[in-house]
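Colleague: what follows is a predicted structure for the sequence shown.
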Amino acid sequence: MNYTDKIGNKLNELLEKNYDAEAGYKLAKDKVDNTVLKEFFDRQQKERYNFGHELKTEMKTFGQEPEKGTSIKGDAHRTWMNIKSTFTSENEEAMLEEAIRGEKAAIEEYNEIINDTTLPASTKSILTKHRDSIKASLNHVNKMEEVF
C-alpha cells in the first residue's frame, strides 16, 4: 500500500517543518544564556530530529520518498529570530514567544493530517504521538514564559 499523492505531499511538508523546528530550536539554544532555556531548546531540537527520522522511516514503508532539508519560509523565520534577538534585550522572552508560535502552528498542521481518513493506522499513531508531545512542550513553554 502506498500513500495518496495528497497524503505524501502533506507528510513531506510536515517532515520539512520538523527540519525547520529542529534548526529553529538549535538557533534559539545558541541565542539564550539561561541554562534552563538552553536545556529546553536542546531537548526540543533532539526531539524534532527524532520525529523527522520516525516520519521518514514510516513514509518509506508506504512507498514515499522523503524530501530533505529545511524550507525557505523556515530559513526566513530563523533569520527573523536572529535579527529579533540582536535588537532586543528580552532575548529569552523573544525566543520563548517564537517557540510558542511555532508549536501552535505545528499542532494545527499535525491535526490536519491526523484527521485525514485515508491515513494508515500506523502513520496516524506516529503523528498522534508527535502531536501530543508537541502539546506537552507547548504547555511547558507557556509556563516558562510566565517566569520570564
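Modeller: In hand now; what should we look at?
Colleague: all helices for this structure, in order.
Modeller: 5-31, 35-61, 72-87, 91-114, 121-147 (DSSP state H).
Colleague: other SSEs contacting the last one?
Modeller: If you count contacts as 3 or more CB pairs under 8 Å, 6 or more residues apart in numbering; DSSP states H and E, helix 121-147 packs onto helix 35-61, helix 91-114. (Each C-beta comes from the backbone N, C-alpha and C, glycine too.)
Colleague: okay, the helices of the chain in CSV with mean pLDDT next?
Modeller: Shown next, in CSV, are those (pLDDT from 0 to 100):
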stretch, mean pLDDT
helix 5-31, 90
helix 35-61, 95
helix 72-87, 51
helix 91-114, 89
helix 121-147, 93
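Colleague: can you redo these as a markdown table with mean neighbour count?
Modeller: As requested, the helices of the chain are exported to a markdown table (neighbours: other CB atoms under 10 Å):
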| stretch | mean neighbour count |
| --- | --- |
| helix 5-31 | 19 |
| helix 35-61 | 17 |
| helix 72-87 | 14 |
| helix 91-114 | 18 |
| helix 121-147 | 15 |
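Colleague: one step back: could I get the helices and strands packed on helix 121-147 as CSV with distance to residue 122?
Modeller: Shown next, in CSV, are these (distance: least, CB to CB, whole Å):
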stretch, distance to residue 122
helix 35-61, 7
helix 91-114, 13
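Colleague: so for residue 21, which of those sits nearest?
Modeller: Ranking these by proximity to residue 21 (CB to CB) places helix 35-61 first, at 4.5 Å.
Colleague: mind giving me the packing neighbours of that closest one?
Modeller: By 3+ CB pairs under 8 Å, 6+ apart, helix 35-61 packs against helix 5-31, helix 91-114, helix 121-147.
Colleague: now do 6 Å
Modeller: helix 5-31, helix 121-147 (3 or more CB pairs under 6 Å, 6 or more residues apart in numbering; DSSP states H and E).
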